[in-house]
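Undergrad: sequence and predicted structure are below.
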Amino acid sequence: EVQLEESGGGLVQVGGSLRLSCAASGDIADRLAIGWFRQAPGKAREGLACMSSTGTTYYGDSVQGRVTISSDSAKNAVYLQMNSLRPEDTAVYYCAADWQCDYELTLYSYLGQGTQVTVSS
């Protein structure tokens, strides 16, 4: 079993930055890909970034250039650095894990509870 816990969300002003963290625990956690997604009210779920177990990174077109995914293997954590935040970035952000990266959240076996990000103008 794998557990994921997001943190780092909160209220930030337009143009600001946040770093979200995803702490992964469990016997196979260090062998899984970790992806970041978000869900805003009334909008489709959106894939943002993913890091494979070998360190390959992928980014969604909508956030390319404004987000960076990174990891700390010693802490079994994956981070999502978000810059130049806009009101439309307001959403619940989730991390998810599975054997490979995919842009569809439903294909991931493990999902965190989510962390709220609110960007105020």
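TA: Yep, that arrived.
Undergrad: hmm, residue 93 and residue 37 touching each other?
TA: Yes - judged on CB atoms under 8 Å, residue 37 makes contact with residue 93 at a distance of 7.3 Å. No exception for glycine: its C-beta is placed from N, CA and C like everyone else's.
Undergrad: any figure for the gap between the residue positioned nearest the centre of the chain and residue 76?
TA: If you average the C-alpha coordinates of the chain and look for the closest C-alpha using CA atoms, centre = their mean, you land on residue 36, 2.5 Å from that point. Using CB to CB, to the nearest Å, one gets 16 Å for the distance from residue 36 to residue 76.
Undergrad: can you give me the strands in this structure?
TA: Counting by DSSP state E, residue ranges of the strands within the chain are 2-7, 10-13, 18-26, 33-39, 46-51, 57-59, 67-72, 77-82, 91-98, 110-111, 115-120.
Undergrad: export the ones you listed to a markdown table and tack on distance to residue 104 and mean pLDDT?
TA: A markdown table is the format used below for the strands of the chain (distance: least, CB to CB, whole Å; pLDDT from 0 to 100):
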| stretch | distance to residue 104 | mean pLDDT |
| --- | --- | --- |
| strand 2-7 | 17 | 96 |
| strand 10-13 | 27 | 98 |
| strand 18-26 | 18 | 96 |
| strand 33-39 | 9 | 97 |
| strand 46-51 | 7 | 96 |
| strand 57-59 | 13 | 95 |
| strand 67-72 | 17 | 96 |
| strand 77-82 | 18 | 97 |
| strand 91-98 | 10 | 97 |
| strand 110-111 | 12 | 96 |
| strand 115-120 | 21 | 98 |
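Undergrad: who does the residue nearest to residue 104 when sequence neighbours are not counted bridge with?
TA: Of all residues not flanking residue 104 in the chain, residue 47 sits nearest, at 7.3 Å (CB to CB, 6 or more residues apart in numbering). In this structure, residue 47 has beta-bridge partners residue 37, where bridges are defined by DSSP bridges.
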